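*Asks:* sequence and predicted structure below; questions after.
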Amino acid sequence: ACLSSRLEYAIATPALEMIPILHAVFQSVTAEVQGSPEVVLGTCLVVAWISTLTVGLMMIAAGWLRCSRMLRAVPLVVLKGALFGVALFLMRSSLETAAN
């Protein structure tokens, strides 16, 4: 998406907040997949690749469809509350991940 952005210095990087989510996904993959560590690692990498590709395609489609216009209909207080909820989830997940 950064290649087609109108921003002069657009940068696309993996988000740090995805670590707790990926940790939970990898734990569930590890619990479900039976086999050698190489098989588990390969499955985790494929899951990460497919999920990254899917999210990227969804973001590109949302940009082409100009879905950001819909955010203007949502009050700023609601958006801030949603972001605060995400922050609480990330903090809790990070603490649980660190405790394991």
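*Replies:* Alright, I've got the coordinates.
*Asks:* pLDDT score assigned to Val33?
*Replies:* pLDDT for Val33: 89.
*Asks:* again, but for the one 4 residues further on
*Replies:* Each residue has a pLDDT score; the one for Pro37 is 88.
*Asks:* what's the local residue count around it?
*Replies:* For Pro37, the count of nearby residues is 8 (other C-beta atoms under 10 Å). (C-beta placed from N, C-alpha, C; glycine too.)
*Asks:* CA atoms only: put the least confident helix or strand in the chain by mean pLDDT into PDB for me.
*Replies:* Least confident helix or strand of the chain, by mean pLDDT, DSSP states H and E, is helix 68-71 with a mean of 77. Presented in PDB, the C-alpha positions along helix 68-71 are these (Å, rounded to 0.1, in the frame of the first residue of the first chain):
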ATOM      1  CA  SER A  68     -12.300   6.000   5.200                       C
ATOM      2  CA  ARG A  69     -15.200   8.300   4.400                       C
ATOM      3  CA  MET A  70     -17.400   6.100   6.700                       C
ATOM      4  CA  LEU A  71     -15.200   7.000   9.700                       C
END
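*Asks:* from the chain's centre, how far out does it sit?
*Replies:* Centroid separation for helix 68-71 versus its chain: 20 Å, with C-alpha atoms, centre = their mean, to the nearest Å.
*Asks:* residues making contact with that helix?
*Replies:* The set of residues external to helix 68-71 that reach it, using C-beta atoms under 8 Å, 6 or more residues apart in numbering, is Ala62, Leu79.
*Asks:* and the next element down the chain from it?
*Replies:* Once the chain leaves helix 68-71, the next helix or strand it forms, by DSSP states H and E, is helix 76-99.
*Asks:* need the mean per-residue confidence for that following helix.
*Replies:* Helix 76-99 carries an average pLDDT of 84.
*Asks:* good, we can wrap up now.
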